[in-house]
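Trainee: task: produce atomic coordinates for the following.
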Amino acid sequence: MERYYSDTLCQGLRLLYFQSDPSQFAEGVQLLETAVANEEPHAFYFLARCYGWGDGNVTSNEKKAKKLSKRGIELGSSLCVLGADRMDILKGDVKNAMTGTLEDAFNDVMSMAESGEPMAQYAIGLFYFWGDMLLNFQKPSREDFAKYEKENAAQALKWFRLSAAQGCLPSFRNAFNSVRNGVNGVTKDLEEALRWAETMDGKVDMRDYYHSFILEYQGLKRHADAIRWCERGVRDGVSVCIVDLGLVYLYGDRGAKEDDAKALQLFNMAADAGDAYGCYNAGRCYYNGWGCATDYNEAFRCFDQAYQRGHQAVKSYLAQCYFWGRGTLVNYEMAVRMMNRLISENQDYPKELMGYCCLYGQGISADMIRGKRLLEEAAQANNGQAWMFLGDMYDKAVGVAEDISMAVSCYQKAADKKIPGASEALGRYKKTLFGKWKRR
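Mentor: Modelled structure (predicted):
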């Protein structure tokens with residue numbers, strides 16, 4: 001890069017495109033802005049990318065992207081020309097700033113790419129990958145379209161891989177995902193995508209991809225490889241990988257022996273690093289007594305942290321905590337609020353608890369018809385607590401006629417699930433000589 005860019009611009013590019021710590025992006029953008037202030041032509045392309053595509057976590061602003069692209073083109077940046085074409089803003093004043101043709105700009109960037117400049121290689125890869133070559137230069141007939149698309153996909157992959165070998169993260173992303181998913185004419189081959197990615201270890205900062213490697217290796221039943229990347233993530237402080245390894249130990253079916261205590265230790269490590277999924281899973285352990293004694297107070301604390309950090313599924317556990325008063329005071333309104341949010345998000349929710357709240361008007365307006373329906377749906381899914389609530393409903397004639405035989409049947413199913421209080425409820429009844437159930 002040093003051959004084409006100033007030290008300031010090179011350092012900015014390294015922070016934005018050659019490492020994956022987002023806390024360093026702002027400094028990278030500032031360095032680009034300094035290079036732009038110094039009227040460095042190619043700096044306008046990279047800062048325009050930030051505003052056009054959100055690179056560096058910059059808020060998109062097409063007006064700024066156009067202004068930067070236009071000035072960069074005026075200063076002679078061929079990268080700005082290709083970038084404006086890719087952003088579909090090479091028109092009007094931006095296009096009028098050109099002194100040469102799009103083909104001239106392409107050839108200039110290609111020369112940079114052939115000399116080994118990784119960001120130019122990335123730009124050439126994009127030109128092939130997204131069809132700019134196809135639409136601007138080749139313009140094949142309908143019969144030849146597929147042939148050219150496949151050839152261009154191969155060219156794009158070649159340039160992405162050359163760029164990635166020098167550490168360019170977006171090039172790695174495009175090369176890996178192209179083969180992993182079979183995009184734009186690239187043949188889908190997960191094994192090949194992983195094989196190539198392994199060769200990039202030590203060349204590219206792949207921390208953002210460790211989790212993807214783990215999931216793909218698990219899907220392929222290559223558990224030793226999955227655990228290897230889990231452990232690599234733990235060493236590198238990648239919290240999602242710490243959780244991944246915790247789940248391996250929690251379930252004991254992914255290449256390691258079950259060890260709930262080890263799982264909890266890892267979940268807490270991820271939670272301490274601010275990971276919402278780590279908080280959620282640590283809470284599950286405390287709530288269910290996995291690897292520790294049941295501790296509802298600690299479970300609620302973890303669940304609340306996960307919720308504050310944006311975890312979605314934790315609302316189901318929070319609903320249970322508020323409903324039963326586990327780790328917090330009983331609060332039916334909060335329980336219903338959590339369940340309604342899950343419903344609005346089309347997520348699973350504890351129907352037996354919502355059914356109870358509707359049946360008795362707890363935290364929500366009473367709706368006995370809905371309450372009964374939700375309890376029956378949960379019971380049909382073999383939920384023991386739903387059977388317990390249905391037993392109470394028939395026993396106490398809540399929204400239905402008293403039906404002792406139905407109450408006993410429901411309590412028996414709840415007792416089979418070892419629901420607390422079910423056996424005691426059954427003890428309130430006895431059979432007559434004629435086989436009919438009645439209260440003792």
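Trainee: contacts only, for Glu191.
Mentor: Leu220 (CB atoms under 8 Å, 6 or more residues apart in numbering). Where C-beta positions appear, they are placed from N, C-alpha and C, glycine not excepted.
Trainee: now name the helix or strand holding it.
Mentor: In the assignment (DSSP states H and E), Glu191 maps to helix 190-199.
Trainee: what comes up buried for that helix?
Mentor: Ala193, Leu194, Trp196, Ala197 (16 or more other CB atoms under 10 Å).
Trainee: centre of the chain versus that helix, how much separation?
Mentor: Centre-to-centre, helix 190-199 and its host chain are 22 Å apart (CA atoms, centre = their mean, to the nearest Å).
Trainee: now the element after that helix, going C-ward?
Mentor: Next in sequence after helix 190-199, counting helices and strands by DSSP H and E, comes helix 210-219.
Trainee: what two of the buried residues of helix 190-199 are the furthest from one another?
Mentor: Across the buried residues of helix 190-199, the longest distance by CB to CB is 7.4 Å; it joins Leu194 and Trp196.
Trainee: end to end on stretch 30-45, go ahead and measure it.
Mentor: 14 Å (CA to CA, to the nearest Å).
Trainee: contact partners of stretch 24-31?
Mentor: 8-9, 11-16, 47, 50, 56-58.
Trainee: swap in stretch 243-254?
Mentor: Outside stretch 243-254, the residues that reach it (CB under 8 Å, 6+ apart) are 211, 214, 218, 223, 226-227, 230-231, 233-234, 255-260, 262-267, 270, 275, 277-278, 281, 285, 290.
Trainee: just the buried ones from the residues you listed?
Mentor: Buried subset of these (neighbour count, 16+ other CB under 10 Å): 211, 214, 218, 223, 226-227, 230, 233-234, 255-256, 259-260, 262-267, 270, 275, 277-278, 281, 285, 290.
Trainee: beyond the helix or strand where Asp395 lies, next helix or strand please.
Mentor: Assessed by DSSP H and E, Asp395 sits inside helix 384-396. Past helix 384-396, further along toward the C-terminus, the next helix or strand under DSSP H and E is helix 404-416.
Trainee: quick one: Asn297 from Leu318, how far?
Mentor: 14 Å (CB to CB, to the nearest Å).
Trainee: the more surrounded of the two?
Mentor: Set Asn297 next to Leu318 and count neighbours by other CB atoms under 10 Å: Leu318 wins out with 26 against 12.
Trainee: please report phi then psi for that one.
Mentor: Main-chain torsions, Leu318, degrees, to the nearest 10: phi -60, psi -40.
Trainee: for it, give me its contacts.
Mentor: Phe300, Phe303, Asp304, Tyr307, Met334, Ala335, Met338 are the contacts of Leu318 under CB under 8 Å, 6+ apart.
Trainee: the fourth one reaches Lys315, doesn't it?
Mentor: Yes. The criterion here is CB atoms under 8 Å, and Tyr307 meets it with Lys315 at 6.7 Å.
Trainee: need the residues touching each of the two.
Mentor: Contacts common to Tyr307 and Lys315, judged by CB under 8 Å, 6+ apart, are absent.
Trainee: could you list the low-pLDDT ranges of the stretch 151-300 of the chain?
Mentor: Scanning the stretch 151-300 of the chain for pLDDT under 70 picks out no residues.
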